[in-house]
Every structure is written in structure tokens, then in C-alpha cells.
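In: following is a predicted model, sequence given first.
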Amino acid sequence: MKKKTSEESSKKTSVPHKKATKRTWITRAKLGAFLAPSFGGVSVFYALPFLVVIFYAVVDNPISRRFVFLDNFISVFGNRAFQLAAWNTFKFSLAAVPLAVIISLLMAFLLDKRIPFASKFRSIYLSPMMVPVASIILVFQVLFNYNGVINVVVEWFGGSQIDWFKSDWAPLVVLLLFLWKNLGYNMILFLAALGTIPREAMEVALLESSSAWKMFWHIKIRYLSPTILFVTIMSLISSFKVFREVYLLTGDYPYDSLYTLQHFMNNTFRSLDYQKLSSAAIIMAAVMVVIIGGLYIVENWFGKDMEE
């Protein structure tokens, strides 16, 4: 009787186990079917093209396909146009990204104080996102043209006209355009993140008579660190993509201080030099991965106590 009882109990327990296993496999199959189109799209439109880029970067040309390993990369590093484009892009990103993050963060803190007409200010700051790029370029051409509004004002104060697009002042114009276009979006992200800071943490800090600086640095900034990381990455990517605006302002070959990596890539593509283009693309991708990886490490170290 005992043997029968044990056998019956084992059968009873095995039946639910089999059903649970079956349900698990069905769930996995549904999940796989749901993710398959996305995985296929990423493979076809991102992974495979990048493998083709790597192939072009290590052969001498698409016809003979002779393996040359790092020769194309060495050629790109020694190219004067690439050096100029990389240096200009580095300088622009070094100035534009911190300014975009810091100014939008300060704007978010200001609007979070519930000042009068805060909602109207938010709409004004977001307006550049709703305006087509061509219209934005037209506004800046009217302002910074040789006979534009800014030069008229400069002459009123006794100064001389400046050719803003063909002088060392040109990066400043593009920087103002970049900030005007991106500050509103960054500010909205920071405002949303400020709303997620626990009130309990702020109340405890007030009870402990913490200074405004300590509350700002040890509570607000630390809780905002994931958003700061995201905004920094998005601003960095946007700073690498200012080619469209500069192209509409100045054309294929702008003033030397405006010649960026996107110009180099565009002109190389038009000359059908796929080896140089592929090598430059891989170098850009590697640099972006290193920078973003470093930012992730810093954010993880800075905000780890908030997660605990």
C-alpha cells in the first residue's frame, strides 16, 4: 500500500510539473516570435552592413579584395582632411556637450521652482523642436549673414562687419544653433527626472539642517545621474551630427574651422573611396563606444549609493 501511495503521489506531482514546463516553453516561443522581427531588422539593417564595412576596411578595393589589414586605417590617420575634421569635431563636442547639459539642467532647476509663466517658458524652449531645420537655418542666415542683423548691430556700436560663416567665429554660430535646437528637449528630460526624486530624502535633509549646496549635490544630482548620463550621450551623438546644419549654411566645403567628420565622410562617399570611408566609420564607432563606456562607468560609480 505504501508503494502504491508513493507512486500515486509522484504521478500527481509530475503532472503539474509537466504542465508548468509546457507553459514555459509556450511562453518562450511566444516571446521568440515577438522578438524575431526586431532581431531580424537589427541583423539586416545594422549588423550585416557593419560586417560589410569591416570587410571593406581591411581590403585594398572591392574588386581585387586583397587583404591589407591595418593599411587603410594608417592611411586615414595620416590624411590631412581627416585630421582637420577630427580635431574640429573634438573641439566642438568638447564645448557643445557640457554647455548643453549644464545650461539645460540649470533651466530645469529654475522652472522646477514654480516661477510665474513656467508652462509658457517650457513651450518656448521646446519650439525649436517643432520648426523644420531649413527654417532654423534661414533664421540664422538672416541673423549672421555678412549684411545680416548681427552685423548691423555691431556697426551701430562702432564695430566692423564680420563674415561669420567664413572666419574663426563660424564655430560659435554653429554652437549657438546647436544649443538653441537641443536645450529644450534636454530640459524636459531633466524636469521629468526632478519629479521622481523622493520627497522623503529632501525632508530628511531639511530636518538635518543640510545646506542648499549639500541637498543639490548629494541628493538631486545623484538621483539625476542616470538622466545626466542619457542627456550627455544624446548631446554627444547630436554634436557628431551637426553636418546637416553646417551643410545647409555653408555647402560641401565650408570654412576650415567648420569642416567636421561628417563632411569628411560625405565627401569620401561621393568620391567612392569605400576603404577610406569604412576605416573612418570604424574609427568613429570605436571612439563613441570608448566615450560612452567611460560615461557609464562614471555614472555607475557616482550613483551606486542611490541604488543601494
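Out: Happy to help now that I have it.

In: can you map out the helices along the stretch 1-150 of the chain?
Out: 2-42, 48-57, 71-77, 80-111, 118-130, 133-144, 149-156 (DSSP state H, counting those that start in this stretch).

In: who's in contact with the second one?
Out: Going back to what we said before, that points to helix 48-57. With contact meaning C-beta atoms under 8 Å, 6 or more residues apart in numbering, helix 48-57 is reached by 62, 72, 73, 274, 275, 277, 278, 279, 281, 282, 285. All C-beta spots, glycine's among them, are computed from the backbone N, C-alpha and C.

In: may I have it as PDB, with CA atoms only?
Out: Written as PDB, here are the backbone C-alpha positions of helix 48-57 (Å, rounded to 0.1, in the frame of the first residue of the first chain):
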ATOM      1  CA  LEU A  48      25.300  42.900 -41.600                       C
ATOM      2  CA  PRO A  49      26.100  46.300 -43.000                       C
ATOM      3  CA  PHE A  50      28.600  46.800 -40.200                       C
ATOM      4  CA  LEU A  51      30.300  43.500 -41.200                       C
ATOM      5  CA  VAL A  52      30.400  44.700 -44.800                       C
ATOM      6  CA  VAL A  53      32.100  47.900 -43.500                       C
ATOM      7  CA  ILE A  54      34.700  45.900 -41.600                       C
ATOM      8  CA  PHE A  55      35.300  43.800 -44.800                       C
ATOM      9  CA  TYR A  56      35.900  47.000 -46.900                       C
ATOM     10  CA  ALA A  57      38.200  48.400 -44.200                       C
END
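
In: spell out for me which residue occupies the centre of the chain.
Out: residue 234 (2.1 Å; C-alpha atoms, centre = their mean).

In: in what helix or strand does it lie?
Out: Using DSSP states H and E, residue 234 sits in helix 221-240.

In: output the contacting helices and strands for the helix or strand just after that helix.
Out: Once the chain leaves helix 221-240, the next helix or strand it forms, by DSSP H and E, is helix 243-250. When contacts are defined as 3 or more C-beta pairs under 8 Å, 6 or more residues apart in numbering; DSSP states H and E, helix 243-250 sits against helix 133-144, helix 170-194, helix 261-270.

In: just the CA trace of helix 243-250, in PDB.
Out: What follows is helix 243-250, C-alpha atoms only, in PDB (Å, rounded to 0.1, in the frame of the first residue of the first chain):
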ATOM      1  CA  PHE A 243      26.700  68.200 -40.600                       C
ATOM      2  CA  ARG A 244      23.200  68.800 -41.800                       C
ATOM      3  CA  GLU A 245      23.000  72.300 -40.300                       C
ATOM      4  CA  VAL A 246      26.500  73.200 -41.400                       C
ATOM      5  CA  TYR A 247      25.900  71.800 -44.900                       C
ATOM      6  CA  LEU A 248      22.800  74.000 -45.300                       C
ATOM      7  CA  LEU A 249      24.700  77.000 -44.100                       C
ATOM      8  CA  THR A 250      27.900  76.600 -46.000                       C
END
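
In: distance from the chain centre to it, please.
Out: Mean C-alpha position of helix 243-250 versus that of the full chain (C-alpha atoms, centre = their mean, to the nearest Å) differs by 19 Å.

In: so what touches it?
Out: Contacts of helix 243-250 (C-beta under 8 Å, 6+ apart): 133-134, 136-137, 140-141, 165, 170, 173-174, 177-178, 181, 254, 258, 260, 262-263, 266.

In: go on, stretch 200-207?
Out: Contacts for stretch 200-207 (C-beta under 8 Å, 6+ apart): 214, 215, 218, 219, 223.

In: which one of the residues you listed is nearest residue 106?
Out: The closest of the contacts of stretch 200-207 to residue 106 turns out to be residue 215 (C-beta to C-beta; 15.7 Å).

In: quick one: contacts for that closest one?
Out: 202, 205, 206.

In: quick revisit: can you pick the most crowded of the contacts of helix 48-57?
Out: Among the contacts of helix 48-57, the one with the most neighbours (other C-beta atoms under 10 Å) is residue 279, at 27 neighbours.

In: hang on, that residue packs against residue 68?
Out: No: counting by C-beta atoms under 8 Å, residue 279 sits too far from residue 68 to count as a contact (10.4 Å).

In: what sits closest to residue 191 if chain neighbours are left out?
Out: Distance criterion C-beta to C-beta, 6 or more residues apart in numbering; nearest residue to residue 191, sequence neighbours excluded, is residue 108 at 4.8 Å.
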